[in-house]
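Asks: Just a sequence and a predicted model for now, questions to come.
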Amino acid sequence: DARVTQTPRHKVTEMGQEVTMRCQPILGHNTVFWYRQTMMQGLELLAYFRNRAPLDDSGMPKDRFSAEMPDATLATLKIQPSEPRDSAVYFCASGRGGTGRSGNTIYFGEGSWLTVV
Amino acid sequence: DAKTTQPPSMDCAEGRAANLPCNHSTISGNEYVYWYRQIHSQGPQYIIHGLKNNETNEMASLIITEDRKSSTLILPHATLRDTAVYYCIVRVEANAGGTSYGKLTFGQGTILTVHP
């Protein structure tokens, strides 16, 4: 089965350290999303890309977060410096361009569980 | 994207049908109704989506009212493994400006608990 792959699955880091999360979208998908989930806020969209170009990153704290797609098979989300309030599950998702029933379903990875102490 | 309203929680007996309602009274003509679920500690899982016709797949059925202001997700024979948070989302698949292309906006969802 094709799936979105995220690494690392779990990360514990100290405040102030840089954290990089990686995502391999499903082959052939040209839209990639980053979501963050916490108990308080639920699932929030941080940023998303289409054809590797950022479409919207308004949900992302700009001072410490950055998202990139170095190539079509890799998306990265970086936090520098990390803070305890960044502790959350970070989900990557991908979808294929197209409208209607032709298939613009978005598929999620299993998440990267981040704890900043 | 239009807002959805779901009950915060529901219970269902194992083997019975689970009917999860969703209101989306401000839905626009180009917005689809999507359902996802999230089982504890996993990523959201796609279930089904539709525009105005009823839809069925191997996981569930989706019934959309004629005015499209509400819908119901039906799990025909719920099992314990269907215990999860179910999200109803209305979504523009693409717009001319591309600024809201395909994004999913999650609400709080419905916590479905299936009992033995």
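Replies: That came through, no problem. The structure displayed is predicted, hence computed values, not measured ones. Residues are numbered from 1 along each chain as shown, chains lettered A, B, ... in the order given.
Asks: Quick check: B:Lys103 touching A:Val32?
Replies: No - using CB atoms under 8 Å, B:Lys103 makes no contact with A:Val32, being 11.3 Å away. Placement of C-beta: from N, CA and C, glycine included.
Asks: Beyond the helix or strand of chain A with the lowest mean pLDDT, next helix or strand please.
Replies: Ranking every helix and strand in chain A by mean pLDDT, DSSP states H and E puts strand A:53-56 at the bottom, with a mean of 88. Per DSSP states H and E, the first helix or strand lying C-terminal to strand A:53-56 is strand A:65-71.
Asks: how about that following strand: buried residues?
Replies: The neighbour-count check on strand A:65-71 (16 or more other CB atoms under 10 Å in any protein chain shown) flags A:Phe65, A:Ser66, A:Ala67, A:Met69 as buried.
Asks: quick revisit: the least confident helix or strand of chain A pairs with which strands?
Replies: With DSSP bridges as the test, strand A:53-56 is paired with strand A:42-50 (antiparallel).
Asks: tell me the centre residue of chain B?
Replies: In chain B, the centroid-proximal residue (CA atoms, centre = their mean) is B:Trp35; its distance is 2.7 Å.
Asks: so that residue sits right up against B:Tyr86, yeah?
Replies: Yes - contact criterion CB under 8 Å: B:Trp35 and B:Tyr86 qualify, at 6.6 Å.
Asks: any shared contact partners between the two?
Replies: Shared contacts of B:Trp35 and B:Tyr86 (CB atoms under 8 Å, 6 or more residues apart in numbering or on different chains): B:Leu20, B:Ile47, B:Leu73.
Asks: Any chance of a PyMOL selection covering the buried ones in the residues you listed?
Replies: This is how PyMOL selects the buried members of the shared contacts of B:Trp35 and B:Tyr86, with burial counted by 16+ other CB under 10 Å:
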select buried, chain B and resi 20+47+73
